[in-house]
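[1] Structure here, sequence nowhere to be found:
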């Protein structure tokens, strides 16, 4: 069945699966960490060795979805967008501080870029400190003590930031639909991401004969 022409393609299947896989691994790590550090949950779940094993391998797998996703052009394009700040992003931050209704943004706004960059950095640090804690025979005690301190507090910060991310997603059903189906409403895109210029879904499915899709 033909999709309505007012829908825009925001995320490809590869982009959605990278997000889903990373989110599943991150939530698994946070859940197992809670079972290890919160006594009520530790007593309820038990099987500490199994929980540790799941957390270790889940943490080691955290970068894998993104690394595999880099094989797809759309994922590489998103990574490039998320890693760059421009005048529109600074204007977006000023508009947020001033509570202005007009907030210029491309496919991703400045808040999403900051979240993505912070998450990537936190992911690398959490994996690195986790390896220092895991390889007990290859690192001196001082390194493991410092790594444990950074790992524990960073995990708590990740939990708080992730909860904020989920809260923002709950408040924006159209953004959730974009990540779930890849499609978003044109009016939502024009309001939330006015400088984003995607190709309409109808034009992708019905290009002009003998040429490129209609602009």
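    Done, it's in. Fair warning: this is a prediction, and the values are worked out from it, not measured in the lab. Numbering: from 1, shown residues only.
[2] Check the residue nearest to residue 61 when sequence neighbours are not counted and give its pLDDT.
    In space, and not counting its chain neighbours, residue 61 is closest to residue 25: 5.6 Å by Cβ to Cβ, 6 or more residues apart in numbering. In short, each C-beta sits where N, CA and C put it, glycine included. According to the prediction, residue 25 has pLDDT 93.
[3] Can you tell me the element residue 92 falls in?
    According to DSSP states H and E, residue 92 maps onto helix 87-98.
[4] And that helix, what does it pack against?
    Where contact means 3 or more Cβ pairs under 8 Å, 6 or more residues apart in numbering; DSSP states H and E, helix 87-98 is packed against helix 110-134.
[5] Let me know the next secondary structure element after the longest helix out of those in the chain.
    Identified as the longest helix of the chain according to DSSP state H is helix 141-170. Per DSSP H and E, helix 141-170 leads on to helix 173-181 as the next helix or strand towards the C-terminus.
[6] That next one to helix 110-134, inter-axis angle?
    Interaxial angle of helix 173-181 relative to helix 110-134 (axes from the mean of the first three to the mean of the last three Cα atoms, to 10 degrees): 50 degrees.
[7] from here on, count from 11
    That works, and once the first residue is 11, the last one we named lands at helix 183-191.
[8] Could you list the buried residues of helix 183-191?
    Buried residues in helix 183-191, defined by neighbour count with 16 or more other Cβ atoms under 10 Å: 185, 187-189.
[9] closest to residue 168 among those?
    Nearest to residue 168 out of the buried residues of helix 183-191 is residue 189 (Cβ to Cβ; 19.5 Å).
[10] got the contact list for the closest one?
    Contact partners of residue 189, counting by Cβ atoms under 8 Å, 6 or more residues apart in numbering, are 21, 26, 29, 179.
[11] now those residues as a markdown table including secondary structure and neighbour count?
    Formatted as a markdown table, the contacts of residue 189 follow (DSSP: H, G, I helix; E, B strand; the rest coil; neighbours: other Cβ atoms under 10 Å):
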| residue | secondary structure | neighbour count |
| --- | --- | --- |
| 21 | coil | 21 |
| 26 | helix | 16 |
| 29 | helix | 17 |
| 179 | helix | 12 |
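[12] What is the lowest-pLDDT residue among those residues?
    Minimum pLDDT for the contacts of residue 189 is recorded at residue 179 (90).
[13] That one and residue 108: what is the separation?
    Look at residue 179 and residue 108: by Cβ to Cβ, to the nearest Å, they are 24 Å apart.
[14] follow-up on the earlier one: the longest helix of the chain versus helix 183-191: what angle between them?
    Going by the same axes, to 10 degrees, helix 151-180 makes 110 degrees with helix 183-191.
[15] Which strands or helices does helix 151-180 pack on?
    By 3+ Cβ pairs under 8 Å, 6+ apart, helix 151-180 packs against helix 23-47, helix 120-144, helix 183-191.
[16] Can you convert the ones you listed into JSON lines and add a column each for distance to residue 90?
    Converted to JSON lines, the helices and strands packed on helix 151-180 look like this (distance: least, Cβ to Cβ, whole Å):
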{"stretch": "helix 23-47", "distance to residue 90": "13"}
{"stretch": "helix 120-144", "distance to residue 90": "11"}
{"stretch": "helix 183-191", "distance to residue 90": "19"}
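[17] Just tell me which of the ones you listed ends up closest to residue 87.
    Relative to residue 87, the nearest member of the helices and strands packed on helix 151-180 by Cβ to Cβ is helix 23-47, separated by 9.1 Å.
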